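Asker: Pasting a predicted model and its sequence here:
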Amino acid sequence: MKTIGYIIQKEFKQIFRNKGMLPIIFILPILQLVILSNAATYEVKNIKFAYVDYDRTSTSRALIEKFNASNFFKVLTDFPSQEKASAAMLSGEVDVVMEIPNHFERNLLKEKTADLSITINAIDGAAAGVESGYVNQIVHSFNQGVKMTILDTSKKVAQPVTIQAIPSFWYNTTLDYKTFMVPGILVLLVTMITLFLSGMNIVREKEIGTLEQINVTPIRKSQFIIGKLFPFWIIGMGLLTIGLILAKLIFNTPMLGSLLLLYTYTSIYILVILGMGLLISNFTDTQQQAMFIAWFFVVIFILMSGLFTPIESMPKWAQIVTEFNPIKYFVEIVRMVLLKGSGLGDILPQLLKTLLFAILMNVLAVWSYRKVN
Amino acid sequence: MGISLSNISKSYKKVKAVQDISFDVNPGELFGLIGPDGAGKTTIFRILTTLLIPDEGTATVAGFDVVKDYKVIRKAVGYMPGRFSLYQDLTVEENLTFFATIFGTTIEENYDLIEDIYVQIKPFKDRRAGKLSGGMKQKLALSCALIHKPKVLFLDEPTTGVDPVSRKEFWEMLKRLQKKGITILVSTPYMDEAALCDRIALIQSGEILEIDTPKAIVSQFPKTIYNVGADNMYKLIQSLQQYEHVYSVFPFGEFVHYTDKRDSFEMADLQSYLEKEGLTAIHIESTKANIEDAFMELAR
């Protein structure tokens, strides 16, 4: 016990004396949380919108005014011809072009139907889909207005019955994406920092040769490993705390569930990450190698964690792969506990799986750690 | 309580690091492993300190088998690797306390053993180990290797990269430790340090050339050695190598060590040959063989 205690003490001394390491541990996560939470968004806003109005009537102007009034569209210019508009889209000046054909108003009045042409830059398929949705919404509401004002003044008989759905948004009533992202980014920073630090730590002792000296001492494998990794467990928990405080102060993220439950889960989760770090350092000889391997796993794990893209929309095989991704469970749980207020019963499956990973990882890591070549 | 190796072999993939090495170090002896870089000295150390398992052969340290009883050995030996391997970002005192703690002891408990050495670095006890000079680093490393009162001390090239004064001091410290009953195995590429050991093993390319006391090894040298000097060193060596009766030529400091094939060697013959070759300020005298000459002869 005394030995472990002293190794932990020594480890903390070294961490706090490493002037290059301190900012990595404490400042980078804060920046990450603040920047990513504000920047990583699915919302499509400020769509660069242009139109070609061949009709030039009060109806066509009313339609354009509808777009102008929308928050999502930034109406840039009107082009005299479709060719000019296409050229502008090619050069990236506009994303959506609406063409209002000649006789638009006349057709609407006489034949009760008219055509509109919408061209959308669909390089980013997801954004194009969203943009198309917005356009349809506006055109639809314009349609209703037209029915009321122009058509229905003459005959009020054939008023069609419409069904309106009013959705109620649970857990994130204002559909604020930050509420959704901040807890996820918290996972990112706890995972990245603890994995990198622990992965590089034992390799560092290998690199500077101190491990050779340690290996000749009667110190037990378990004492050394616990002593080396425990500080990073503390740092991981500290990072969660810093992250939660910032989430509350800056983003006013709702925290409905029990924080104790979140901490309990995190304490197990960090064991998985530390086990991974140790495993990486067992199979590498330099900090550089360890860093690259850690990056490789972190990138895959994060992209497949449901943090940025929903797991449900991944192909079947990828969904199966995510079952082995501990980050996925943490992302799920942090969102469940903070935003939905889930209790122990709700998160038990994920908790047990994480515990299983923790045991597996650490058994593998300790088993593969060798004092002798 | 000494060290014993019998028929130890170890290969790294296809490279044979040491082959069929056998020697014994008596208890309380200061034993030197002398050989050039890559001779296999560090491999022997790593096997004896239980860091490496030999492919063949057995070895014991302080009476314990290096494979089976590695746990006991780790408590009983002190090891100072060739590369400075203490924590550079911890202070002198923290390093010492750290090693004392993991050996389950304290600085105070064994202070008498390290006092001589530690006293010299004590004024800098709050300085980070990385900021110490080379000689002081060695002293700190030695203190850390001694803090648990080891029975056997392994020093892998402890004086490589250390200035001559510190080297001399270091060897004096080893002599004092030896008097306290510690068995010491030390390796060095410096032939002049070999003379300070009780016995030495000359080692090259993973094989032992000779084991004996430094005196005996020198006295076995079969030839008379001549110090030859001239104004142009490079030309002198070339000329000597082309001399018809040459046996060996090695540069040695400001002179060249020369041995002759013949039993009846006349200095005058060589003198006139060298003059004919156009060399001036020629100086020839017989000298005593040293360890380096013996090593060169054995390594031929």
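Answerer: Yep, that arrived. Residues are numbered from 1 along each chain as shown, chains lettered A, B, ... in the order given.
Asker: alpha carbons only for contacts and neighbour counts from here, please
Answerer: Noted.
Asker: quick one: low-confidence ranges for the stretch 101-250 of chain A?
Answerer: A:149-162 (pLDDT under 70).
Asker: Quick check: residues of it near chain B?
Answerer: Neighbours of chain B within the stretch 101-250 of chain A, by Cα under 8 Å from any Cα of the partner chain: A:I208, A:G209, A:T210, A:L211, A:E212, A:Q213, A:N215, A:V216, A:T217, A:P218, A:I219.
Asker: among those, which two are most distant?
Answerer: Farthest-apart pair in those is A:I208 and A:P218; separation 20.1 Å (Cα to Cα).
Asker: that older thread, I'd like the residues of the stretch 101-250 of chain A next to chain B laid out as TSV, including secondary structure and neighbour count.
Answerer: Compiled in TSV, these are given as follows (DSSP: H, G, I helix; E, B strand; the rest coil; neighbours: other Cα atoms under 10 Å in any protein chain shown):
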residue	secondary structure	neighbour count
A:I208	helix	16
A:G209	coil	18
A:T210	helix	19
A:L211	helix	18
A:E212	helix	22
A:Q213	helix	22
A:N215	helix	19
A:V216	coil	24
A:T217	coil	24
A:P218	coil	18
A:I219	coil	19
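Asker: List just the nearest of those residues to B:L270.
Answerer: Checking these one by one against B:L270 (Cα to Cα), the nearest turns out to be A:G209, at 52.4 Å.
Asker: Could I get the contacting residues of B:R199?
Answerer: Neighbouring residues of B:R199 by Cα atoms under 8 Å, 6 or more residues apart in numbering or on different chains: B:E29, B:L30, B:F31, B:G32, B:I211, B:D212, B:T213, B:P214.
Asker: mind checking how far the residue nearest to it when sequence neighbours are not counted is from chain A?
Answerer: In this structure, B:R199 finds its nearest non-sequential neighbour in B:T213, 4.1 Å apart by Cα to Cα, 6 or more residues apart in numbering or on different chains. Here the criterion is Cα to the nearest Cα, to the nearest Å. By it, B:T213 lies 30 Å from chain A.
Asker: Please name the residues that touch B:T213.
Answerer: Applying Cα under 8 Å, 6+ apart to B:T213 gives the contacts B:C197, B:D198, B:R199, B:I200.
Asker: In strands only, show me the residues you listed.
Answerer: B:R199, B:I200 (DSSP state E).
Asker: Show the buried residues in the contacts of B:T213.
Answerer: B:C197, B:R199, B:I200 (16 or more other Cα atoms under 10 Å in any protein chain shown).
Asker: Quick check, the last one in contact with B:I34.
Answerer: Yes: in terms of Cα atoms under 8 Å, B:I200 counts as a neighbour of B:I34; the distance is 6.8 Å.
Asker: any shared contact partners between these two?
Answerer: Contact criterion Cα under 8 Å, 6+ apart; residues shared by B:I200 and B:I34: B:A194.
Asker: Give the burial count for B:Y226, as a bare number.
Answerer: The number of residues packed near B:Y226 is 21, by other Cα atoms under 10 Å in any protein chain shown.
Asker: Residues of the stretch 51-200 of chain B that sit close to chain A?
Answerer: Going by Cα under 8 Å from any Cα, the residues of the stretch 51-200 of chain B near chain A are B:51-53, B:71-72, B:74-75, B:79-81, B:83-87, B:89-90, B:98, B:101-104.
Asker: How many neighbouring residues does residue 254 have?
Answerer: Let's take chain A. Neighbours of A:P254 using other Cα under 10 Å come to 18.
Asker: you looked at the wrong chain, it should be chain B
Answerer: Neighbour tally, B:E254, other Cα under 10 Å: 11.
Asker: Do you know the pLDDT at it?
Answerer: B:E254 carries a pLDDT value of 84.
Asker: How about A:I64?
Answerer: Note for A:I64: predicted pLDDT of 88.
Asker: Can you give the contact residues for the helix or strand it falls within?
Answerer: In the assignment (DSSP states H and E), A:I64 maps to helix A:58-69. Residues from elsewhere that reach helix A:58-69 (Cα under 8 Å, 6+ apart): A:Y51, A:D53, A:F73, A:K74, A:V75, A:I100, A:F104, A:E105, A:I138, A:V139, A:F142.
Asker: ok, and what's touching the next helix or strand after that helix?
Answerer: Using DSSP H and E, the next helix or strand after helix A:58-69 towards the C-terminus is strand A:73-78. Strand A:73-78 has contacts (Cα under 8 Å, 6+ apart) with A:K45, A:N46, A:I47, A:K48, A:F49, A:A50, A:Y51, A:V52, A:D53, A:F67, A:N68, A:V94.
Asker: Out of these, which is nearest to A:V331?
Answerer: Of the contacts of strand A:73-78, the one sitting nearest to A:V331 (Cα to Cα) turns out to be A:K45, at 26.0 Å.
Asker: A:A294: what's it in contact with?
Answerer: A:A294 touches A:L195, A:F196, A:G199, A:G277, A:I280, counting by Cα under 8 Å, 6+ apart.
Asker: Ignore what I typed, I meant B:L240.
Answerer: B:V246, B:V249, B:Y258, B:L274.
Asker: My understanding was that the third one contacts B:F252; is that so?
Answerer: The one in question is B:Y258. No: counting by Cα under 8 Å, B:Y258 does not reach B:F252; the two are 9.7 Å apart.
Asker: B:E193: which element?
Answerer: According to DSSP H and E, B:E193 maps onto helix B:191-194.
Asker: Going by neighbour count, list what's buried in that helix.
Answerer: Buried-residue list, helix B:191-194, by 16+ other Cα under 10 Å: B:M191, B:E193, B:A194.
Asker: For burial, what's the neighbour tally of the closest residue in space to B:F255 that isn't next to it in sequence?
Answerer: Excluding the flanking residues, the one nearest B:F255 by Cα to Cα, 6+ apart is B:G229, at 5.0 Å. Neighbour count for B:G229, taken as other Cα under 10 Å: 21.
Asker: about what we covered before: so how far is the helix holding A:I64 off the chain centroid?
Answerer: 36 Å (Cα atoms, centre = their mean, to the nearest Å).
Asker: what's the answer for stretch B:59-75, then?
Answerer: Using Cα atoms, centre = their mean, the offset of stretch B:59-75 from its chain centre is 23 Å.
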